[in-house]
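Peer 1: Next come a sequence and a model predicted from it.
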Amino acid sequence: MKTLKFPDGSEILYELTRKPVRNINLRVKEDGTLRISANNRVSVKRIEDFIISEQDFIRRAIERLNARSKEAEINSDRLRWLDREYPVRVIMSSRESAVLEQQEIRVFTRFPDPEHIRQLLRSFLSDSFTSLCRELNDEVRAALISRGLNPPPTLVTIKDMKSRWGSCTWTKGHISINSRLAAYPRETVLSVFWHEYAHYWHHDHSPRFYAFLEQHYPEYHKWNSLLK
């Protein structure tokens, strides 16, 4: 993944894939990054000049994605969790919590104000996703260790990221996971963990990187493709 600075000072991340194609192809991903494909004869400078020339198109595409993302934000009558949308039912109670029970999200509160309900739902999502990430992190580490690979001690943090679904600072043993993955299937979140752990052995997105993923998590492309 490379960073390109536009003339106005803004920056964008892009990933370049060399393919036997005639033209430079550009695609804006849902996370706001670019996927570029071009043949080996096209220089990086020419590719980056092309990206700069398409800045207005890229900006409009990102704006549309952001608008679509905003439409999916938490509201007080539904919640998306692990690729399923659950109805929200508010129950007057001295408790202040939200729980998943019997195929619905039940919000127990004394204050049925919409913004207060949304805050309880955010807390539910944050706590549930944190627990899921601990579980998936343990699952990936156990699988690697059982195969004779020993990943370093790893700190996993969860945060709202605009440009990527995850990141690995392999020199520091630090993996970040995008909190927006809470809306996707469990297996898709698992694919991001595998992706980031693979960077301990392969620091780029070379064919060897993807071969490593296919060897250790054969369903990687099936589930990770939902993020594209």
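Peer 2: Good, I have the coordinates.

Peer 1: Name the residues that touch stretch 25-41?
Peer 2: Stretch 25-41 is contacted from outside by 1, 12-24, 47, 50-51, 54, 58, 61-62, 65, 161-165, 178, 227-228, using C-beta atoms under 8 Å, 6 or more residues apart in numbering. Every residue, glycine included, has its C-beta placed from N, CA and C.

Peer 1: likewise stretch 143-150?
Peer 2: Residues outside stretch 143-150 that contact it (C-beta under 8 Å, 6+ apart) are 151, 197, 201, 216.

Peer 1: so which pair among the residues you listed is furthest apart in space?
Peer 2: Spanning the widest gap among the contacts of stretch 143-150 are Pro151 and His216, at 11.4 Å by C-beta to C-beta.

Peer 1: Can you tell me which helix or strand of the chain has the lowest average pLDDT?
Peer 2: The element with the least model confidence among the helices and strands of the chain, by mean pLDDT, DSSP states H and E, is helix 55-71, at a mean of 75.

Peer 1: Run through who's touching it.
Peer 2: If you take C-beta under 8 Å, 6+ apart as the criterion, helix 55-71 is touched by 6, 12, 26, 28, 30, 32, 34, 51, 180.

Peer 1: just the strands in this protein please.
Peer 2: Using DSSP state E, the strands assigned to the chain run over residues 2-5, 11-18, 25-28, 34-38, 78-81, 84-92, 97-101, 104-109, 155-159, 166-169, 174-178.

Peer 1: and those, which is most packed in?
Peer 2: Neighbour counts (mean count of other C-beta atoms under 10 Å) averaged over each of the strands of the chain peak at strand 174-178, with a mean of 21.

Peer 1: List the strands paired with it, with their directions.
Peer 2: Strand 174-178 has the following sheet partners, assigned by DSSP bridges: strand 155-159 (parallel), strand 166-169 (antiparallel).

Peer 1: Extract the C-alpha trace of that strand and format it as PDB.
Peer 2: The C-alpha atoms that make up strand 174-178 are tabulated as PDB, following Å, rounded to 0.1, in the frame of the first residue of the first chain:
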ATOM      1  CA  HIS A 174       0.700  -4.200  16.900                       C
ATOM      2  CA  ILE A 175      -2.400  -5.000  14.900                       C
ATOM      3  CA  SER A 176      -5.300  -2.600  14.500                       C
ATOM      4  CA  ILE A 177      -8.800  -3.700  13.500                       C
ATOM      5  CA  ASN A 178     -11.500  -1.400  12.000                       C
END
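
Peer 1: what does that strand rub up against?
Peer 2: 31, 133, 137, 154-161, 164-169, 189, 192-193, 196-197.
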